[in-house]
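Asks: Return atomic coordinates for the entry below.
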Amino acid sequence: MSEQNDGGISLKDVCELLRREVESSSLQEVEPDIYQKIASSLGSLKGQGFEGMEAKVRDRMVELMSSSARLLVGMRQRKAQAGSEPVDYSRLTDEEKYVLDGKSESENRMGEVVAAASRGRPKVLEAISARMREKRVIVRFVKPMAQFIGVDMSKYGPFQQEDVATLPLENARSLVKAGVVVQVHAQL
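Replies: From the prediction side, this is the model:
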């Protein structure tokens, strides 16, 4: 692979990775930091201050690299989750493992609910419900908001634009949908 001097990767190389992945039925080996290199290249491209035709070329390159990266991630995830053959974890990037870990967690939760409901264990379901009612989400306000009473009957706010708060999940979902906040994902 040809590396750019910013630690990134060229559009041509990303397209070649995508081509190889599409043409093979098995998961291809990629550099463990491939997505970081793609992100670095995109950041570098976006930061270039071109005007006129050069800006249009840069914007098109950004669009093509972004699309290729999305397709690469999607293709590799479909192969990893296909289940027809065991996944070779040595061929997955840490980012891909992160996605699979989330899917596994989701499947485990589904199994918990199904098992509790089908085995007549209402106490387990009550505990799951209580955990969800107590779940808090970190949000950043993109619009000011007056004080309000949350689903937990606690007072929240008032908030100014760019304030960060921890809110009950149900309140956070409503505010995200209304465009008042964006969810802040905690770093690993």
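
Asks: so what does the longest helix along the chain touch, helix or strand wise?
Replies: Using DSSP state H to define each element, the chain has its longest helix at helix 52-81. Where contact means 3 or more Cβ pairs under 8 Å, 6 or more residues apart in numbering; DSSP states H and E, helix 52-81 is packed against helix 11-23, helix 34-46, helix 94-118. Quick note: C-beta positions are derived from backbone N, CA and C, even for glycine.

Asks: Most tightly packed of the ones you listed?
Replies: Burial of the helices and strands packed on helix 52-81 is given as mean neighbour count (mean count of other Cβ atoms under 10 Å); helix 34-46 ranks first at a mean of 18.

Asks: Now do that helix: everything it contacts.
Replies: The set of residues external to helix 34-46 that reach it, using Cβ atoms under 8 Å, 6 or more residues apart in numbering, is 3-4, 6-11, 14, 17, 31, 58, 61-62, 65-66, 69, 73, 93, 95.

Asks: what residue ranges in this structure score low on pLDDT?
Replies: For the chain, the stretches flagged by pLDDT under 70 are 1-6, 83-85, 186-188.

Asks: Domains in the chain, by residue range?
Replies: 11-85, 93-134, 135-188 (automatic domain parsing).
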